[in-house]
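A.B. asks: Fold the following, please.
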Amino acid sequence: MRRLAIPLALTLALGVAGSPAQAEAPVKRTAECQGDWLPGTPTADDVMRGEISLVGLPAYKLGKKINWGASPYRNRSWEYVYHSLRWMGTLVVEYENTGDKRFLERAKEITKDWVANNKHGARGTEAYVWKDHPVSLRTQPLICLSKHVNEGWLKESLAVHAKLLSDARLYKKGHNHGIDQDIALMAIGCRYGRKDWSNLASRRLTGTVKLDVDSQGALMEQAPRYAVYVYGRLQVAMTNMKACGRAVPGEISKRAEALKDFIAHSTQPNGYMVPIGDGSAETEPKMETGTPKQKVRTYRAGYVYGRTDWDKRDSAYYSIRYGPGMKYHGHEDHLGVTYYAQGRDILVDGGFHSYEKTAYRYWTLSPEAHNVPTVVGQRFRPRTASKLDKTRYGKDRQAFRLSDRAYGVTRTRSVLVNHGEDVMAVLDTASGGKKARNLWRFAEDLKVISNKGGRVVLGDGSYKVTLVQFSSCRPVSGQKVERGGKLGWVSPTYLSKKPASVVVSPAVTSLLTIVVPGTDDPKVSCSGGKVKVNGVTFSAKLL
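C.D. replies: Below is the predicted model:
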């Protein structure tokens, strides 16, 4: 590929070469540098020592002469963050905070070297360096540096960034990357008085937000944890628009506000977000969401959330997935459930490991990594949409029916959750007399204590939970439990892989599963189409 030619008019619009700005005492702090865009690690002192720790991986030694082709962990996220140069930005911020020119000089040295060795389209420049997200994220530290360094090479590099950010062919509409692209383009436009860039960014942002956040406030990327990221980025976008003398479109502020409700409903009573899709179980929103009025909420984007109370750690909580077919950060988890009760995780998803192109990563996306029903003898059809067919709300009990044709026949799941006496009941069927089988992944600390007569008891010390299965009110036995092996894994945190107990049911035409937290001896019976669990009664059809 040829190097990108920078049009003369574009270069002139950005200005001509000058000399580094001289530091004053004290150094003026700038809005471009003093935002909350910096990562937690590395610190400015780490960078000055030549050691940077990115995406939670061990520190990498930069050395005086930086190797821009480095990929010590063969990790795509590490590579992207490395070339975002945000870690360089910590030096400029430290210069503003302390007035110590050493930080600014090293920041300039690092950036000038990066620009010289990573020309767009040049032989030897890795393609990922100029992907949409590194380009977007890199703009902030470059703009920050430009407040103190007024040299042609930096302005020319920002011109290249602006040209790519403006290219409609590279724009990620309806995605958090698109939001970052708009923030970056507007930053360059405002910095250098280019209204064409600012106008384009503002116009695109409105359309992208309407696609990425629906009118209910639900994020459409199919991983709730990204709602926190998008909310934060929209705050940055709106602040920057105001600073640039622009009005914030009402649709943007409205949907940003609605996101808070979605984030609140997506957060379990323990303060961590439910790990659906590419979401880690260690994600804390760390933001003020307020307390929604509703305790149960269904979102057209494909989420059912319910809880017994707000602000109580031992409240019960559940999630159910349905909606549009898998895209972006979603998994093949439709009809899947999670369950939190009595202050702890009971049923969990396989989790999010990483974005690396490994067999395990692709397995975490598959139905087998989630608490879903499968149809025996039928081929799974990826990216199939599912729908919520029926709901029934009560103060102490809710029930839902969902269906899809992900296996070529109608797959139906009904879910009932009872509160007070904590119980989750799930009924799975398939049309045409096909047999269904289901998977139940328990939290990693719950291990099998017994498995007989259609009852599986798991526990962790004194805490116990019991799973019971029926078919047309007859007990179903023959459950298998995997811990490790092919199915028995969970990734609660980034790059982790831990064994977890997964109960695999037998295959039957109608499969009723009952999960009772907090006991190894629940009184469970089913007769005459009625189920009784410790005094709680409900229909075997659930609703």
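A.B. asks: and Gly124, how many residues sit next to it?
C.D. replies: Neighbours of Gly124 under the rule other C-beta atoms under 10 Å: 9. C-beta: built from backbone N, CA, C; applies to glycine.
A.B. asks: same thing with the one 10 residues further on?
C.D. replies: For Pro134, the neighbour count with other C-beta under 10 Å is 20.
A.B. asks: ok so it is a strand residue?
C.D. replies: No: assessed with DSSP: H, G, I helix; E, B strand; the rest coil, Pro134 is helix; it does not lie in a strand.
A.B. asks: Now tell me what touches the one helix or strand Leu145 maps to from outside.
C.D. replies: Using DSSP states H and E, the element containing Leu145 is helix 132-146. Helix 132-146 is contacted by residues 30, 32-33, 35, 37, 80-81, 83-86, 88-89, 92-93, 107-108, 111, 128, 154-155, 157-158, 161, 164-165, 170-172, 177, 180-181, 183-185, 187-188, 191 when judged by C-beta atoms under 8 Å, 6 or more residues apart in numbering.
A.B. asks: Can you read off the backbone torsions of the closest residue to Val448 other than its chain neighbours?
C.D. replies: Excluding the flanking residues, the one nearest Val448 by C-beta to C-beta, 6 or more residues apart in numbering is Val481, at 5.0 Å. The phi/psi pair for Val481 (degrees, to the nearest 10) reads phi -120, psi 130.
A.B. asks: partner residues bridging Val481?
C.D. replies: When assigned by DSSP bridges, Val481 has beta-bridge partners Val503.
A.B. asks: And it, how close does it get to Val375?
C.D. replies: 22 Å (C-beta to C-beta, to the nearest Å).
A.B. asks: which one of these two has more residues nearby?
C.D. replies: Here Val481 and Val375 are compared on neighbour count by other C-beta under 10 Å; more neighbours surround Val375, at 24 against 19.
A.B. asks: circling back: list the buried ones in the following helix or strand past the helix holding Leu145?
C.D. replies: Downstream of helix 132-146, the first helix or strand assigned by DSSP H and E is helix 152-166. The neighbour-count check on helix 152-166 (16 or more other C-beta atoms under 10 Å) flags 154-166 as buried.
A.B. asks: what about the closest residue to Ser472 other than its chain neighbours, how many neighbours?
C.D. replies: In space, and not counting its chain neighbours, Ser472 is closest to Ser510: 5.7 Å by C-beta to C-beta, 6+ apart. For Ser510, the count of nearby residues is 19 (other C-beta under 10 Å).
A.B. asks: Now that Ser510 has come up, it's in contact with Gln469, right?
C.D. replies: No: using C-beta atoms under 8 Å as the test, Ser510 is too far from Gln469 to be in contact (10.7 Å).
A.B. asks: Tell me who's in contact with Ala399.
C.D. replies: When contacts are counted by C-beta under 8 Å, 6+ apart, Ala399 touches Lys390, Thr391, Arg392, Ser414, Val415, Leu416, Val417, Leu542, Leu543.
A.B. asks: The residue nearest to it when sequence neighbours are not counted: neighbouring residues, count only.
C.D. replies: Excluding its sequence neighbours, the residue lying closest to Ala399 (C-beta to C-beta, 6+ apart) is Leu543, at 3.8 Å. Applying other C-beta under 10 Å, we find 16 residues neighbouring Leu543.
A.B. asks: What's the per-residue pLDDT of Leu543 here?
C.D. replies: pLDDT for Leu543: 92.
A.B. asks: Same check on Thr291?
C.D. replies: 95.
A.B. asks: List the contacts of it.
C.D. replies: Thr291 is in contact with Ala264, Trp310, Asp311, counting by C-beta under 8 Å, 6+ apart.
A.B. asks: One more: Thr125?
C.D. replies: Here Thr125 is in contact with Asn117, Asn118, Lys119 (C-beta under 8 Å, 6+ apart).
A.B. asks: where does the stretch 401-543 of the chain have low pLDDT?
C.D. replies: For the stretch 401-543 of the chain, applying pLDDT under 70 flags no range at all.
A.B. asks: how far away is the residue lying closest to Ser84 once chain neighbours are set aside from Cys244?
C.D. replies: Distance criterion C-beta to C-beta, 6+ apart; nearest residue to Ser84, sequence neighbours excluded, is Leu137 at 3.9 Å. Remark: distance between Leu137 and Cys244 (C-beta to C-beta) = 19 Å.
A.B. asks: cool, and Thr298?
C.D. replies: On the measure of C-beta to C-beta, Thr298 and Cys244 end up 38 Å apart.
A.B. asks: Comparing those two, which residue is more hemmed in?
C.D. replies: Comparing Thr298 with Cys244 by other C-beta under 10 Å, the one with more neighbours is Thr298, at 21 against 16.
A.B. asks: can you confirm Thr391 is in a strand?
C.D. replies: Yes: per three-state DSSP, Thr391 lies within a strand segment.
A.B. asks: Now stretch 516-528: buried residues?
C.D. replies: Val516, Pro517, Gly518, Pro522, Val524, Cys526.
A.B. asks: Around Pro382, how many other residues sit close by?
C.D. replies: 11.
A.B. asks: isn't it right next to His331, touching?
C.D. replies: No: at 10.8 Å, Pro382 and His331 do not qualify as touching, with contact defined as C-beta under 8 Å.
A.B. asks: before we move on, back to that, quickly list what the residue nearest to Ser472 is bridged to.
C.D. replies: Beta bridges link Ser510 to Thr429, judged by DSSP bridges.
A.B. asks: Contacts only, for it.
C.D. replies: Leu427, Asp428, Thr429, Ala436, Ser471, Ser472.
A.B. asks: Filter these down to the buried ones and express that as a PyMOL selection.
C.D. replies: Buried members of those, defined by 16+ other C-beta under 10 Å, are picked up in PyMOL with:
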select buried, resi 427+428+429+436+471
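A.B. asks: Now render the contacts of Ser510 as TSV, adding distance to Arg76.
C.D. replies: Output for the contacts of Ser510, formatted as TSV (distance: C-beta to C-beta, whole Å):
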residue	distance to Arg76
Leu427	41
Asp428	37
Thr429	41
Ala436	37
Ser471	45
Ser472	49
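A.B. asks: Among the contacts of Ser510, which one lies nearest to Thr338?
C.D. replies: Proximity of these to Thr338 (C-beta to C-beta) peaks at Asp428, which lies at 16.4 Å.
A.B. asks: Not counting residues beside it along the chain, what's closest to that closest one?
C.D. replies: Asp428 sits nearest to Pro373 (C-beta to C-beta, 6+ apart), 3.9 Å away.
A.B. asks: Let me know how buried Gly529 is, in neighbour terms.
C.D. replies: Neighbours of Gly529 using other C-beta under 10 Å come to 10.
A.B. asks: Centre of the chain to stretch 95-103, how far?
C.D. replies: With C-alpha atoms, centre = their mean, to the nearest Å as the basis, stretch 95-103 stands 35 Å off its chain's centre.
A.B. asks: Mind exporting the C-alpha coordinates of it to CSV?
C.D. replies: Backbone C-alpha positions of stretch 95-103 (Å, rounded to 0.1, in the frame of the first residue of the first chain) are rendered in CSV as follows:
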residue,chain,number,x,y,z
TYR,A,95,3.4,17.7,33.0
GLU,A,96,0.2,19.8,33.4
ASN,A,97,-0.1,18.8,37.0
THR,A,98,3.5,19.2,38.1
GLY,A,99,5.1,21.6,35.5
ASP,A,100,8.0,19.1,35.2
LYS,A,101,9.2,19.4,31.6
ARG,A,102,10.8,15.9,31.6
PHE,A,103,7.3,14.4,31.3
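A.B. asks: Going by neighbour count, list what's buried in it.
C.D. replies: Across stretch 95-103, burial judged by 16+ other C-beta under 10 Å covers Tyr95, Glu96, Phe103.
A.B. asks: what's the answer for stretch 71-86, then?
C.D. replies: In terms of neighbour count (16+ other C-beta under 10 Å), stretch 71-86 has its buried residues at 73, 75-86.
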